[in-house]
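S.K.: Sequence and computational prediction follow.
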Amino acid sequence: PGATWTLASALDTVRSPLGSAGTLLLDRSSLARRATGMLGSDGRALAAFQIPLDPTLVGTKLYWQALITAPARLTNLTISTLNDG
């Protein structure tokens, strides 16, 4: 609770060990920082994003991973697949 976090996404995955923080699993060539904040009293955070209504995006996968501070550590990888629903 109270730790800061940064959420990033990428279009692909690549394993990049970062010492005691863990392994960055996002491809740095398409990595984008999406949100930052502080964990709530329950140790959780919520981030919401609007996706354009563009049919060419259907089927696109986004790979997500967060960095949490104090001490610095990377979260597990999460995958989202965009759909038309």
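M.R.: Okay, I see it.
S.K.: going forward, measure contacts between C-alpha atoms and count neighbours the same way
M.R.: Fine.
S.K.: Now do the same for the residue of the chain positioned farthest from its centre: its pLDDT.
M.R.: Distance from the centre of the chain peaks at residue 55, with 23.1 Å (Cα atoms, centre = their mean). Among the per-residue scores, residue 55 holds a pLDDT of 93.
S.K.: Let the chain start at 29 from now.
M.R.: Let's use 29 as the start, then, which means that last one is residue 83.
S.K.: Quick check on it: phi, psi?
M.R.: Main-chain torsions, residue 83, degrees, to the nearest 10: phi -60, psi -20.
S.K.: Just give the nearest non-adjacent residue to it, would you?
M.R.: Of all residues not flanking residue 83 in the chain, residue 112 sits nearest, at 7.2 Å (Cα to Cα, 6 or more residues apart in numbering).
S.K.: same check, this time on residue 45
M.R.: The nearest residue in space to residue 45 (Cα to Cα, 6+ apart) is residue 51, at 4.2 Å.
S.K.: Neighbouring strands - and their directions - for the helix or strand where residue 62 lies?
M.R.: Applying DSSP states H and E as the criterion places residue 62 in strand 60-66. Sheet pairing for strand 60-66, assigned by DSSP bridges, gives strand 32-38 (antiparallel).
S.K.: Would you pull up how far the partner strand lies from the middle of the chain?
M.R.: Distance, stretch centre to chain centre, for strand 32-38: 4 Å (Cα atoms, centre = their mean, to the nearest Å).
S.K.: Quick check: what element follows that strand along the chain?
M.R.: strand 41-45.
S.K.: how about that following strand as PDB, C-alpha atoms only?
M.R.: Extracted in PDB, the C-alpha atoms of strand 41-45 (Å, rounded to 0.1, in the frame of the first residue of the first chain):
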ATOM      1  CA  THR A  41       7.500  -9.300 -25.700                       C
ATOM      2  CA  VAL A  42      11.200  -9.600 -25.100                       C
ATOM      3  CA  ARG A  43      12.900 -10.900 -21.900                       C
ATOM      4  CA  SER A  44      15.200  -8.300 -20.400                       C
ATOM      5  CA  PRO A  45      16.500  -9.200 -16.900                       C
END
